[in-house]
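> Just the structure for this:
(one chain, ligands or ions: 1)
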Amino acid sequence: MAAVDISSVETAYAPPPLDPTRKPTVIVDDLHVVYRVSAGAKYDSSPVAGLRRLVNRTASPSMREVHAVKGVSFVAYEGEAIGLIGTNGSGKSTLLRAIAGLLPPERGQVYAKGQPSLLGVNAALLNELSGERNVVLGCLAMGMSLAEVRRQVPEIIEFSGIDDRGDFSSLPMSTYSSGMAARLRFAIAAARKHDVLLIDEALATGDAEFRQRSEQRMQELCAGAGTIFLVSHQLSTIRAMCDRTLWLDSGVLRMDGPTDEVTGTYMDLYGIPR
Ligand SMILES: Nc1ncnc2c1ncn2[C@@H]1O[C@H](COP(=O)(O)OP(=O)(O)OP(=O)(O)O)[C@@H](O)[C@H]1O
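All right, here's what the predicted structure looks like:
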């Protein structure tokens, strides 16, 4: 994507005021996330090499820092569906992982109601197990009882639509297309009520019909007082599903506001036709 001058957005941006009448579900306060990676190409990161360095008291090779999220602050409320947009490497996935508690803040704080669930394209399902076994495992991992899981399995498989063209639920996940796997992941996650559900591009590989169904399910989750964060490069998906959008650029929160306004400014800046 061509370099653009973002300074006009920076100066125009003012964060939305806090709303004391609504219940917050996620508070992110001046969050900074830093990755540390070895700068040396020949760096041996194995435990044995680490122990050797410890015993010999040799210094670790130089580490490079990637400051992926820089001073992000916002408050999310019950019933909101919030889109996260930004170019590649702008820090969207890092922010979601920090909200899920999977990455420690370098500075600042994340406060969240309950345990936010991260539903990503890399969510841990086991390729060698059948779709149905993965549904059982996924539901148990989300804390459902076995009786509840047994009740829910047929409904989850039906919602995912993986059996629409044959009995795929009894086949190993390794035989699924990426779209089918994404549909199953979403169906599993959507089977439970979440206080905070974080979705990272999981819907991008689903077809139009499934996107419509998942949009409806997301609206139901929000109506049940949950908060949803959705990372997507598909601005049409964000516009269809989210009432509010955060725009990240190089780890900095550039805009936070109504989806139409934020995506409109983003599209104008990058010359994307509306
Ligand atoms: N595990 C990691 N180790 C080191 N740096 C990382 C790691 N993961 C991400 N980064 C860096 O952090 C920055 C933000 O990456 P992130 O994946 O959060 O961006 P993103 O907006 O989700 O990108 P995309 O749209 O391409 O998925 C990038 O500079 C990336 O190179």
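
> use CA for all of it now, contacts and neighbours both
OK.

> tell me the average confidence for the helix or strand hosting residue 76?
Following DSSP states H and E, one finds residue 76 within strand 63-77. Averaging pLDDT along strand 63-77 gives 93.

> near the ligand, anything from that strand?
Yes: judged by Cα under 6 Å from any ligand atom, strand 63-77 and the ligand are in contact via 66, 68.

> Can you tell me the centre-most residue of this protein?
residue 200 (3.3 Å; Cα atoms, centre = their mean).

> State the phi and psi torsions of residue 45.
Dihedral angles of residue 45 (phi, psi; degrees, to the nearest 10) stand at phi -100, psi 10.

> What separation do you get for it and the ligand?
Per Cα to the nearest ligand atom, to the nearest Å, residue 45 is found 14 Å from the ligand.

> rewinding a little: against which helices or strands is the helix or strand following the strand holding residue 76 packed?
Moving toward the C-terminus from strand 63-77, the next helix or strand (DSSP H and E) is strand 81-85. Here strand 81-85 touches strand 227-231, helix 235-241, strand 244-249, going by 3 or more Cα pairs under 8 Å, 6 or more residues apart in numbering; DSSP states H and E.

> Residue 25 in helix, strand or coil?
Recorded secondary structure, residue 25: strand (DSSP: H, G, I helix; E, B strand; the rest coil).

> burial count for it?
By other Cα atoms under 10 Å, 21 other residues sit near residue 25.

> those helices in the stretch 101-250 of the chain, which residues are they?
131-141, 146-160, 178-190, 208-223, 235-241 (DSSP state H, counting those that start in this stretch).

> got the end-to-end distance for stretch 119-133?
Using Cα to Cα, to the nearest Å, the end-to-end distance of stretch 119-133 comes to 18 Å.

> Equivalent analysis for stretch 135-147, please.
Stretch 135-147 end-to-end distance (Cα to Cα) = 14 Å.

> ok, now stretch 243-256?
For stretch 243-256, the end-to-end distance is 11 Å (Cα to Cα).

> Then stretch 238-253?
Counting by Cα to Cα, you get 17 Å between the two ends of stretch 238-253.

> Over to stretch 184-199?
Length of stretch 184-199, first residue to last, Cα to Cα: 13 Å.

> Now the residue of the chain most remote from its centre: phi and psi?
In terms of distance from the mean C-alpha position of the chain, residue 56 ranks first, at 41.8 Å (Cα atoms, centre = their mean). Main-chain dihedrals, residue 56, degrees, to the nearest 10: phi -80, psi 0.

> same thing with residue 163?
phi -90, psi 10.

> and it, how many neighbours?
Quick note: residue 163 (other Cα under 10 Å) scores 15 neighbours.

> Residue 231 is in contact with the residue nearest to the centre of the chain, correct?
Yes: between residue 200 and residue 231 there is a contact under Cα atoms under 8 Å: 4.8 Å.

> Name the residues contacting each of these two.
residue 93 (Cα atoms under 8 Å, 6 or more residues apart in numbering).
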